[in-house]
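# Mind looking at a prediction? Sequence and model below.
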Amino acid sequence: MDRDLVHPEAKELESRAVAWLDGFGVYPDPVERAWGLATHSADFSCRVVPEGNPEALLLFVQWNYWANAVDDWQDSGASEVRTAAVAEHGVRLLRTLENPGAAVLPDGPMTRALADLVGRTHALLTPFELRRFVEGTRDWLLGATWQAARAEAGGMPGLNDFAAMGSLANGTRFSLTWSDVARGIRLPADVLYSPALEALTDAAGFVVSADNDLFSYDKDDHLEPREVNLVNVIAHQEGCSAAEAVPLAVALRDRVMTLFLRLRDRLARGADEQLVRRLEATGQYVAGCIAWQSRAPRYASPRNRHALPLPEARFTIRYADAPVDAGTEPPPGLPALARWWEPLGD
């Protein structure tokens, strides 16, 4: 995992993606445009996929800008953004991905931009890749719907429930599908969906989700009821403050990261060239997300504290020499995670 890798055509891809966003009028005004671009979606895409087909990567970049605009609507706190609205939009989006001519979304800039994305995605991806992309999108939308339902109901979920469902919303399989497409990685279904590789993918998704909950905490700390994220869930369960919950969140994250590294090493033994490349790509997904989030004004100068994003805002990251928790057993009291350790066979 290389913390500094970025696709050599990142700047050109960003420029093309922004021109595409402006061409469809995705952002309704300059302020929304500034915050939309502050997601640094191009930087995210080009760090988690630092090599490969630029045209495939451009589609991934554009999908991420579009998806972040949807995410901002879901997180806006507006009165119309209820669980029913999030679920309704999610179902209509999924049907549009599978049937581009279904005409189940209202006309507007976002829908017209989506139609362009869907048409180009169908043209580029193989049927198997397209099915994987839809599955990844479904993960994202189900996770977002669950989080909306929890916020609407009030009260924090238990940590086991959150561990099982919270990380769906980061769309790990959405991103790794595009990583494979851009890199030309073609794994057979029985390898891609093997218990060991599924566990590795889920562990990577949990780590990335935990990191995002830490980087983005300030962005949502004004919300009432409190945002459903790893820090707040642990604080609620342990009866402590958010500040006291942070080291507990980091420890759980580190234990899963330790599993990820051990499981990746186990899978690499005797792996063919395609699987080795996929294991490297999954590691780069974790490392690239850290590098991106540390530089994104969306997190480093959050909207609840700034009228406009600060372009040079960033976090200073300190990398530790060892994990906070290097335990090699599943974390106690979290059966939702325990299965990830089974492929190790220890």
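Structure received.

# low-scoring stretches of this structure, by residue?
Along the chain, the parts satisfying pLDDT under 70 run over 1, 73-81, 346.

# With Lys219 as the reference, measure out to the residue nearest to the spatial centre of it.
By C-alpha atoms, centre = their mean, the mean C-alpha position of the chain lies nearest to Asn170, the distance being 2.8 Å. Look at Asn170 and Lys219: by C-beta to C-beta, to the nearest Å, they are 15 Å apart. (Glycine included, C-beta is placed from N, CA and C.)

# Would you mind listing the buried residues in stretch 107-126?
By 16 or more other C-beta atoms under 10 Å, the buried positions in stretch 107-126 come out as 110-111, 113-118, 120-121, 125.

# now it: how far from the chain's centre is it?
In this view, stretch 107-126 has its centroid 20 Å away from the chain centroid, taken as C-alpha atoms, centre = their mean, to the nearest Å.

# And stretch 152-167, by the same measure?
Taking C-alpha atoms, centre = their mean, one finds stretch 152-167 lying 17 Å from the centre of the chain it belongs to.

# Make 39 the starting number, not 1.
All right, first residue 39 from here; so that's stretch 190-205.

# Gly193 and Pro263 touch, don't they?
Yes - Gly193 is within contact range of Pro263, at 7.3 Å (criterion: C-beta atoms under 8 Å).

# got the contact list for stretch 127-134?
Residues outside stretch 127-134 that contact it (C-beta atoms under 8 Å, 6 or more residues apart in numbering) are 108, 140, 142-143, 152-153, 156, 172, 175-176, 179-180, 182-183.

# Quick check: buried residues in it?
127-128, 130-132, 134.

# Among those residues, which ones are in helices?
Of those, the ones assigned to helices by DSSP state H are 127-128, 130-132, 134.

# In contact with Val245, which residues are there?
With contact set as C-beta under 8 Å, 6+ apart, Val245 has these partners: 291, 294-295, 298, 324.

# Out of these, who's the most crowded?
Of the contacts of Val245, Val294 is surrounded by the most neighbours, 26 neighbours in total, counting by other C-beta atoms under 10 Å.

# Just the element for that residue, please.
According to DSSP states H and E, Val294 maps onto helix 280-306.

# Quick check: buried residues in that helix?
Going by neighbour count (16+ other C-beta under 10 Å), the buried part of helix 280-306 is 280, 283-284, 286-298, 300-302, 305.

# hmm, back to that, so which of the contacts of Val245 comes closest to Arg71?
Arg71 lies nearest to Val324 out of those, by C-beta to C-beta, at 29.9 Å.

# picking that back up, what would the ones in helices among the buried residues of stretch 127-134 look like in CSV with distance to Asn342?
Shown next, in CSV, are those (distance: C-beta to C-beta, whole Å):
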residue, distance to Asn342
His127, 24
Gly128, 25
Arg130, 30
Leu131, 27
Leu132, 31
Thr134, 32
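
# nearest to Ala273, of the residues you listed?
Out of these, the member with the shortest distance to Ala273 (by C-beta to C-beta) is Gly128, at 28.5 Å.

# Just give the number of residues close to the closest residue to Pro147 other than its chain neighbours.
Leaving out its chain neighbours, the residue that sits closest to Pro147 by C-beta to C-beta, 6 or more residues apart in numbering is Gly63, at 4.3 Å. By the criterion of other C-beta under 10 Å, Gly63 has 13 neighbours.

# And Gly63, how close does it get to Gly74?
Relative to Gly74, Gly63 is positioned 12 Å away (C-beta to C-beta).

# same deal with Pro361?
Counting by C-beta to C-beta, the gap from Pro361 to Gly74 is 35 Å.

# what does Arg377 give?
38 Å.

# Please say which of the two ends up with more neighbours.
Gly74 (21 against 13).

# Downstream of whichever strand or helix holds the more buried one, the next helix or strand is which one?
Per DSSP H and E: Gly74 is located in helix 68-75. Scanning forward in sequence from helix 68-75 by DSSP H and E, the next helix or strand is helix 79-86.

# list the helices and strands the very next helix or strand once past that following helix packs on?
Using DSSP H and E, the helix or strand that follows helix 79-86 in sequence is helix 92-112. Where contact means 3 or more C-beta pairs under 8 Å, 6 or more residues apart in numbering; DSSP states H and E, helix 92-112 is packed against helix 48-62, helix 68-75, helix 79-86, helix 147-162, helix 165-191, helix 210-221.

# in helix 92-112, what counts as buried?
Of all the residues in helix 92-112, those buried under the rule 16+ other C-beta under 10 Å are 92, 94-109, 112.

# so what does the helix holding Gly74 touch, helix or strand wise?
helix 48-62, helix 92-112.

# Compute the inter-axis angle for the first one and helix 92-112.
Same thing as helix 48-62. Inter-element angle recorded for helix 48-62 and helix 92-112: 60 degrees (by axes from the mean of the first three to the mean of the last three C-alpha atoms, to 10 degrees).

# who touches helix 48-62?
Contacts of helix 48-62 (C-beta under 8 Å, 6+ apart): 45, 65, 71, 74-75, 79-81, 83-84, 92, 95-96, 99-100, 103, 147, 150-151, 154.
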